[in-house]
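Asks: model this:
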Amino acid sequence: MLGVLRRKAASGASSVSVYGKSLYNLKPAVCAPRASSAVPEEIIHYTRVLGNVRTFCHLPLAGRTMSLVPKREVVGYLQQDVNMQIWSRSFSSNSDGDTVEAVVPYMGESITDGTLAVFLKKVGDRVEVDEAIAQVETDKVTIDVNSPEAGVIQEFIAKEGDTVEPGAKVAIISKSGEGATHVAHSDEKPAEKAPPPPPPAEEKKEKPTPKVETTPVAQKPKESPPPPPKPSATELHLPPKERERRVAMTRLRKRVATRLKDSQNTFALLTTFNEVDMTNLMKLRSDYKDAFAEKHGVKLGLMSGFVKAAISALQKQPIVNAVIDGDDIIYRDYVDISIAVGTPKGLVVPVLRNAENMNFAEVEKGINSLAKKATEGTISIDEMAGGTFTISNGGVYGSLLSTPIINPPQSAILGMHSIVSRPMVVGGSIVPRPMMYIALTYDHRLIDGREAVFFLRRIKDVVEDPRRLLLDV
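Replies: A predicted model of the protein is given here:
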């Protein structure tokens, strides 16, 4: 089996032979004297050196035969001094590299697409490197589309409301600022041109028409229309459609609705309640808030006290920190506390990782950081993934009592409420006390009422006497 292949560099600097590259394999038994041959030229991309190589070979024409002269192939390597043209593709849309494309970034493993919610810039605006020009809304977070280079926005490829995938082109940015057309910011429409005056009408001479005498026809008296039907007493009077507005649901709102409904359909939800005297925790905060803020640079709030109390209760009742997986129960020996945060776009639940290893200051810093990111819409997917137990504080909105819904795939959620001064019996006397109702909604398939009540009672004991955390009692 013999083959001849000659390769020549595109620049014509040298010719080399490469081992193992034969275009045709012909058996010697079928060889015959050569009748004719053709010398086509084809371009081959040689991946080893990323260059352009021209291949010259003898190929038999259709219906013809050819003879091969045995030759000894010499194995050679491409010389270092051969001029090769390297192929490279820059992140631009034209040959001179003046424009670049802003594309949708990677949005996470479980997110395949999103909705282009709003453009933060207009055509003709100048942007800097990594400056946000648009926002893509997913069912979990809102992601910014940043400019890869500094320049002027030349054109928007996508429109608001479009469904985009990672890597989709959103805008074209000109680094030199050429070709960009500025868009007027005012909503005023250009004045319409007045229509041209009509041509003067020709005066038409009225011709006298002969009068024809006709006998008057007696007209029948018109019948009066029937009176409108009187509405019945049971008929509903609906408001007109002009007073209603139809707005499309955001992806985040649809995701929240789906998860909450799935929670109701999957779990055997049951809620137990208790009340907590906040006197000692509020006194602790009042006594040490200034020293705490001076040392740690963050304010001491009530939320850290409830987080530490929940961690202690989860360690006392590990079944509340577990979850059902098929026919198995998964016990988790770590505590990741999810904090429910309400934002203008919907409810998000960022997670405090390894909260069992945090002190009061670390808990407060973590909550403040996550709440700020959630409100600004800069929170990431990883910061909301997971979680073994959720705390929802409806008291910040004035809620007195509620039954929270479990955040799947967790098994329980703690609901905090507003603090109200109520008369309580203390030492045989009626005194005013700052009281808070707390609620625990749990999956009754996994957690029995006994464990749920003990869990909630542990939170009550720790909040009413924070010294229990120091003594572990």
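Asks: hang on, isn't Thr272 packed against Leu440?
Replies: Yes - the criterion here is C-beta atoms under 8 Å, and Thr272 meets it with Leu440 at 5.4 Å. Every residue, glycine included, has its C-beta placed from N, CA and C.
Asks: Now for the two: what residues contact both?
Replies: 452, 456 (C-beta atoms under 8 Å, 6 or more residues apart in numbering).
Asks: quick one, which of those two is more surrounded?
Replies: Using other C-beta atoms under 10 Å, the more surrounded residue of Thr272 and Leu440 is Leu440, with 24 against 16.
Asks: From Glu451, how far out is the more buried one?
Replies: Taking C-beta to C-beta, to the nearest Å as the measure, Leu440 and Glu451 are separated by 10 Å.
Asks: number of nearby residues for Asp327?
Replies: Neighbours of Asp327 using other C-beta under 10 Å come to 5.
Asks: go on, Glu165?
Replies: Neighbour count for Glu165, taken as other C-beta under 10 Å: 13.
Asks: Report pLDDT for it.
Replies: If you check Glu165, the pLDDT there is 88.
Asks: Wait, it touches Thr115, no?
Replies: No - with contact defined as C-beta under 8 Å, Glu165 does not count as touching Thr115 (11.2 Å).
Asks: Run through the stretch 351-473 of the chain and note the low-pLDDT ranges.
Replies: Within the stretch 351-473 of the chain, no stretch has pLDDT under 70.
Asks: in the longest strand along the chain, what's buried?
Replies: Identified as the longest strand of the chain according to DSSP state E is strand 429-443. Within strand 429-443, the residues scored as buried using 16 or more other C-beta atoms under 10 Å are 433, 435-443.
Asks: Likewise for stretch 124-143?
Replies: For stretch 124-143, using 16+ other C-beta under 10 Å, the buried residues are 127, 133-143.
Asks: Now do the same contact list for Gly394.
Replies: Counting by C-beta under 8 Å, 6+ apart, Gly394 makes contact with 402, 404, 415-418.
Asks: Pull up the gap between it and Ile438, please.
Replies: Gly394 is 11 Å from Ile438, by C-beta to C-beta.
Asks: Which residues are in contact with each of those two?
Replies: Common contacts of Gly394 and Ile438, defined by C-beta under 8 Å, 6+ apart, comprise 415-417.
Asks: Just give me the closest of the residues you listed to Pro466.
Replies: Nearest to Pro466 among the shared contacts of Gly394 and Ile438 is Met416, at 16.0 Å by C-beta to C-beta.
Asks: pretty sure the closest one contacts Leu440?
Replies: No - in terms of C-beta under 8 Å, Met416 does not count as a neighbour of Leu440; the distance is 10.8 Å.
Asks: Find the nearest non-adjacent residue to Ala102, please.
Replies: Once flanking residues are discounted, Ala102 sits nearest to Ala171: 4.5 Å by C-beta to C-beta, 6 or more residues apart in numbering.
Asks: Among the contacts of Gly394, which one lies nearest to Asp262?
Replies: Distance from Asp262 was checked for each of the contacts of Gly394 by C-beta to C-beta. The minimum falls on Pro404, at 15.4 Å.
Asks: Kindly indicate whether the closest one is helix, strand or coil.
Replies: Per DSSP: H, G, I helix; E, B strand; the rest coil, the local secondary structure of Pro404 is coil.
Asks: Let me see the confidence value for Arg253.
Replies: What the model reports as pLDDT for Arg253 is 83.
Asks: What count of nearby residues applies to it?
Replies: Counted with other C-beta under 10 Å, Arg253 comes out at 15.
Asks: Hmm, Pro344 and it touching each other?
Replies: No - Arg253 sits out of contact with Pro344 when judged by C-beta under 8 Å, with a separation of 11.1 Å.
Asks: Need the shared contacts of Gly394 and Ile438 in CSV (columns: secondary structure and distance to Gly161).
Replies: Below are the shared contacts of Gly394 and Ile438 laid out as CSV (DSSP: H, G, I helix; E, B strand; the rest coil; distance: C-beta to C-beta, whole Å):
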residue, secondary structure, distance to Gly161
Gly415, strand, 36
Met416, strand, 38
His417, coil, 39
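Asks: Filter those down to the buried ones.
Replies: By 16+ other C-beta under 10 Å, those give 415-417 as buried.
Asks: Pull up the gap between Asp130 and Val298, please.
Replies: Counting by C-beta to C-beta, the gap from Asp130 to Val298 is 29 Å.
Asks: The nearest residue to Gly346 once chain neighbours are set aside in helix, strand or coil?
Replies: Ranked by C-beta to C-beta, 6+ apart and with sequence neighbours excluded, the top spatial neighbour of Gly346 is Leu252, at 4.1 Å. Leu252 carries the three-state label helix when classified by three-state DSSP.
Asks: Now do stretch 446-456: everything it contacts.
Replies: Against stretch 446-456 from outside (C-beta under 8 Å, 6+ apart): 270, 272-274, 313-314, 316-317, 319-320, 322-324, 329, 411-412, 438, 440, 442.
Asks: one more time with 10 Å
Replies: 267-268, 270-274, 276, 310, 313-314, 316-324, 329, 389, 411-412, 414, 438-444 (C-beta atoms under 10 Å, 6 or more residues apart in numbering).
Asks: show me where the stretch 151-300 of the chain has helices.
Replies: For the stretch 151-300 of the chain, the helices defined by DSSP state H, counting those that start in this stretch occupy 251-266, 279-296.
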